[in-house]
Each structure stands twice: as structure tokens, then as C-alpha cells.
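Enquirer: got a sequence here, can you build the structure:
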Amino acid sequence: MIRVYARKRGSQYRLVVSGHAEPGAARDAVCAGVSALTGSLVDFAASSPDCRHVRWQTERGEVFLSCRGGLGAGWQMVMRGLSLIAEQYPDSVRIESDVCS
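Expert: As a prediction, the model looks like this:
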């Protein structure tokens, strides 16, 4: 099971992803999709001058990102993509979200 914890409070963002998809025909595709989305967001945050106090760590099966500001539409796009994967593969991806404007 891939577990996604996403928190947005004002301009503060936090994303924690851990685990692997359940065995099955789509396992590689699910893991690759989640990895591509979250890895792109980490890269975007790390290279954006608008993101402040960026902390991140990526390892096999784990992603951590924390920053202030600058993610906006990128955050929304990645969260929508993760939600679509979770809807299609509910036994492999679970999202817990804490979003306050």
C-alpha cells in the first residue's frame, strides 16, 4: 500500500509518501505514476526561487517534501494526479489530506 499524507495550510506545504503498490498487473504502473508525480513536485520545489525553506528527501519507496510558498498550481496538479491513481487503484494507494486555505 502506498500511503500519501498531504497537508497545505496557507502557504505551507508538506507531502509524505511511503510504501509500494500491492502486487498485481498494475503494480509497476502505479508505483511509476506516483513516483513521477511526487518526484516532479520535489524537483519543482527544489529549483523554484518562489519556494522558501525547502526540505526534501527521496529514497526508494519514500518521499518527503516541506516548503513555504511557490507550489500553487503544481501542488494542485500533483494532488489531482495522485487522487486519480487512488480512485483507480484503491487497494494500492491511500491519501490522507489536511488542506486549509
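
Enquirer: secondary structure element for Arg7?
Expert: Here Arg7 sits within strand 2-9, counting by DSSP states H and E.

Enquirer: relative to the whole chain's centre, how far out is the helix or strand following that strand?
Expert: Sequence order places strand 12-19 as the next helix or strand after strand 2-9, per DSSP H and E. Its chain's average C-alpha position is 6 Å from that of strand 12-19, according to Cα atoms, centre = their mean, to the nearest Å.

Enquirer: contacts for the following helix or strand past strand 12-19 next, please.
Expert: Sequence-wise, the next helix or strand downstream of strand 12-19 (DSSP H and E) is helix 27-47. For helix 27-47, contacts defined as Cβ atoms under 8 Å, 6 or more residues apart in numbering pick out 2, 4, 13, 15, 17, 20-21, 51, 54, 56, 58, 63, 65, 67, 70-71, 74-75, 78, 81-82, 85, 89, 92-93. The way it works is simple: take the backbone N, C-alpha and C, and place the C-beta from them, glycine included.

Enquirer: let's go with 7 Å and repeat that
Expert: Helix 27-47 is contacted from outside by 2, 15, 17, 20-21, 51, 54, 56, 58, 63, 65, 67, 70-71, 74, 78, 81-82, 85, 89, 92-93, using Cβ atoms under 7 Å, 6 or more residues apart in numbering.

Enquirer: before we move on, what about stretch 84-95?
Expert: For stretch 84-95, contacts defined as Cβ under 7 Å, 6+ apart pick out 1-4, 6, 21-22, 26, 30, 33-34, 82-83.

Enquirer: between the residues you listed, which sits nearest Asp98?
Expert: Asp98 has its nearest neighbour among the contacts of stretch 84-95 in Ala6, at 7.3 Å by Cβ to Cβ.
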